[in-house]
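Chemist: Have a look at this fold, sequence not included:
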């Protein structure tokens, strides 16, 4: 499955095109909206840009959407409700606690990397429209609850709220802020540090996974096959815990 939401939309249109011409046109406008959002951001996007990218007359746009906000909300809501949820549901298989966390974190960083412009627009428009902010919070809450249930299952505990859910919020907030500094709004100081450590996206994900593991599964084993930056963090945390 593609990591890019834009490629996902294009595959839908190419492989399973709607029978009705109007629905195919609407899909073309959604793809064009996603591309303009990713390239220019929400505030700079214009209806004329969307129409030109879709190779349609500007009047055709208003047959399907009220304005650029309506189009942007449609695209970004589908990204949050369908695409990101599908990303989560495609993961399967029993793993060690660390492997499960690492797969999730690596995939999340890769998805954000492939959709950096659109993820930035979610933050931009979410500040202005409560509907999108609520969708983002709803998606985050569902992720936190899955993490809490997974942690409780591996601990053989029935407690999935309270402290377990609080811990899930903590690690989720860490990953959100990490992705912002790494991809969405790159932090020059952080980028320089990663270059110094020779740490790529997978190394960052693995280092974050070590911290998540110690919060969610205290005492669980960390494997040896880690990138240097992640391994150094693991060794540092062992020393600190002693």
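Modeler: Right, received. Where do you want to start? All values derive from a computational prediction rather than experimental measurement.
Chemist: Every contact and neighbour count from this point should use C-alpha atoms.
Modeler: Fine.
Chemist: For residue 29, the count of nearby residues, please.
Modeler: Using other Cα atoms under 10 Å, residue 29 has 25 neighbouring residues.
Chemist: scratch that, residue 208
Modeler: 21.
Chemist: Give me the pLDDT for it.
Modeler: At residue 208, the model reports a pLDDT of 93.
Chemist: Ok, the one 5 residues further on next?
Modeler: What the model reports as pLDDT for residue 213 is 89.
Chemist: So it versus residue 61, what's the distance?
Modeler: Residue 213 is 48 Å from residue 61, where distance means Cα to Cα, to the nearest Å.
Chemist: who's in contact with stretch 223-242?
Modeler: Residues outside stretch 223-242 that contact it (Cα atoms under 8 Å, 6 or more residues apart in numbering): 98, 197, 198, 199, 203, 204, 206, 207, 210, 222.
Chemist: repeat that for 10 Å
Modeler: 96, 98-99, 194, 196-200, 202-211, 214, 222 (Cα atoms under 10 Å, 6 or more residues apart in numbering).
Chemist: Stretch 23-37 - what's its average pLDDT?
Modeler: For stretch 23-37, the mean confidence score works out to 97.
Chemist: no wait, stretch 122-137
Modeler: 89.
Chemist: Now, of the contacts of stretch 223-242, which are buried?
Modeler: Restricting the contacts of stretch 223-242 to buried positions leaves 98-99, 194, 199, 202-211, 214, 222, with burial counted as 16 or more other Cα atoms under 10 Å.
Chemist: picking that back up, from the contacts of stretch 223-242, which land in helices?
Modeler: 98-99, 194, 196-197, 202-211, 214 (DSSP state H).
Chemist: quick one on the thing from earlier: and the buried ones among the contacts of stretch 223-242, which is closest to residue 3?
Modeler: Distance ranking of those against residue 3, using Cα to Cα, places residue 202 first at 15.1 Å.
Chemist: Does that closest one touch residue 104 like I think?
Modeler: No: taking contacts as Cα atoms under 10 Å, residue 202 lies outside contact range of residue 104: 11.2 Å.
Chemist: intersection of neighbour lists for the two?
Modeler: Common neighbours of residue 202 and residue 104 (Cα under 10 Å, 6+ apart) are residue 110.
Chemist: what's the distance between residue 207 and residue 104?
Modeler: 13 Å.
Chemist: just to revisit the earlier point, out of the ones in helices among the contacts of stretch 223-242, which is nearest to residue 110?
Modeler: residue 202 (8.6 Å).
Chemist: what pLDDT does the closest one get?
Modeler: 93.
Chemist: which residues of the protein score low on pLDDT?
Modeler: Applying pLDDT under 70 to the chain picks out residues 1, 86-94, 155-161, 237-242.
Chemist: tell me the contacts of residue 170?
Modeler: Residue 170 touches 144, 164, 212, 215, 216, counting by Cα under 10 Å, 6+ apart.
Chemist: ignore the last one, residue 32
Modeler: 6, 26, 38, 49, 50, 51, 52, 53, 54, 55, 71, 75.
Chemist: Repeat the analysis, applying 8 Å as the threshold.
Modeler: 50, 51, 53, 54.
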